[in-house]
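Engineer: below is the structure, and that's it, no one-letter string:
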Ligand code: SF4
């Protein structure tokens with residue numbers, strides 16, 4: 001689990017709304033041209049489906065529902081919860097795909113280096129490695145990132161067939177838009193839920209419980225999904 005944002009919720013909502021407006025204004029033809037210039041082609045290395053390469057696979061609510069239909073055990077609360085209240089309960093904005101306990105942390109659905117549900121794979125799996133959001137570079141300068149893991153997987157400078165760049169650009173923007181909307185809905189829900197239940201985020205409790213979790217302790221966590229919170233208790237099995 002990683003650091004939590006100390007920015008107040010209203011400011012975070014405002015920032016996410018700004019990000020959403022900018023995302024919607026990003027010129028489609030520029031994105032398509034970047035996709036064509038990179039000319040990425042998957043070489044079936046399957047690294048992108050492992051925790052070692054990609055951290056975790058965050059799911060949109062619609063994808064969580066589908067994953068649960070395929071196998072209820074395939075999802076888990078996403079890592080990096082955003083909040084922890086004064087009672088030690090964590091809050092996170094959605095679910096992620098479960099990873100196996102193998103050496104690379106392969107996705108739950110990866111078998112013999114192939115996705116066993118390829119035709120039903122999730123939004124992020126369909127758009128990866130394209131992305132369209134702002135991130136700091138190695139010098140801390142925040143700018144648009146359009147591609148994940150450049151030169152670390154796949155083949156480059158291959159010809160992108162007509163229509164494919166446009167399709168990838170449209171799908172990626174659709175995914176990023178849905179992600180930001182899910183985050184805004186989560187933040188707005190937490191703002192109201194905390195106010196109604198007299199809860200507040202307490203950083204010290206967050207840090208203490210994260211240390212406890214790292215040592216193998218169990219923590220309560222509420223996961224935001226389809227406009228409500230779902231209760232879980234999780235234990236770190238990878239200590
Ligand atoms: S669902 Fe399939 S494509 Fe998506 S990360 Fe898992 S193995 Fe890879």
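Structural biologist: Received it, and whenever you're ready, just let me know what you need. Nothing here was measured: the structure is a model prediction, and the numbers come from that model.

Engineer: list the contacts for the closest residue to residue 136 other than its chain neighbours?
Structural biologist: The shortest distance from residue 136 to any residue other than its chain neighbours is 5.0 Å, reached at residue 142 (C-beta to C-beta, 6 or more residues apart in numbering). Using the backbone N, CA and C atoms, a C-beta is placed for each residue, glycine as well. The neighbourhood of residue 142, defined by C-beta atoms under 8 Å, 6 or more residues apart in numbering, consists of 134, 135, 136.

Engineer: of the residues you listed, closest to the ligand?
Structural biologist: Ranked by distance to the ligand (C-beta to the nearest ligand atom), the contacts of residue 142 are led by residue 135 at 20.5 Å.

Engineer: please name the bridge partners of the residue nearest the centre of the chain.
Structural biologist: Note on the chain: the residue nearest the mean C-alpha position is residue 58, at 3.3 Å, using C-alpha atoms, centre = their mean. Per DSSP bridges, residues listed as beta-bridge partners of residue 58: residue 96.

Engineer: tell me the spacing between it and the ligand.
Structural biologist: Between residue 58 and the ligand the distance, using C-beta to the nearest ligand atom, to the nearest Å, works out to 11 Å.

Engineer: same thing with residue 107?
Structural biologist: Applying C-beta to the nearest ligand atom to residue 107 and the ligand gives a distance of 3 Å.

Engineer: please enumerate the strands of the chain.
Structural biologist: Across the chain, reading from the start of the chain, the strands by DSSP state E fall at 75-77, 83-84, 90-92, 95-97, 110-111, 114-115, 130-136, 142-147, 218-225, 228-235.

Engineer: closest to residue 35 out of the ones you listed?
Structural biologist: strand 130-136 (6.5 Å; C-beta to C-beta).

Engineer: who are the contact partners of residue 165?
Structural biologist: 32, 33, 35, 36.

Engineer: among the residues you listed, which lie within helices?
Structural biologist: Judged by DSSP state H, the subset of the contacts of residue 165 located in helices is 32, 33, 35, 36.

Engineer: list the contacts of the last one.
Structural biologist: Looking back up the chat, that one is residue 36. Under the criterion of C-beta under 8 Å, 6+ apart, the contact partners of residue 36 comprise 160, 165.

Engineer: same deal with residue 62?
Structural biologist: If you count contacts by C-beta under 8 Å, 6+ apart, residue 62 has them with 123, 178.

Engineer: distance-wise, check it relative to residue 33.
Structural biologist: Separation of residue 62 from residue 33 (C-beta to C-beta, to the nearest Å): 30 Å.

Engineer: how about residue 194?
Structural biologist: Per C-beta to C-beta, residue 194 is found 44 Å from residue 33.

Engineer: do the same with residue 107
Structural biologist: When residue 107 is compared with residue 33 (using C-beta to C-beta), they lie 31 Å apart.

Engineer: contacts only, for the closest residue to residue 121 other than its chain neighbours.
Structural biologist: Nearest residue to residue 121 in three dimensions, chain neighbours excluded: residue 115, at 5.8 Å (C-beta to C-beta, 6+ apart). With contact set as C-beta under 8 Å, 6+ apart, residue 115 has these partners: 49, 107, 109, 121, 125.

Engineer: so residue 107 and residue 33 - more neighbours on which side?
Structural biologist: Counting neighbours by other C-beta atoms under 10 Å for residue 107 and for residue 33 shows that residue 107 has the greater number, 26 against 13.
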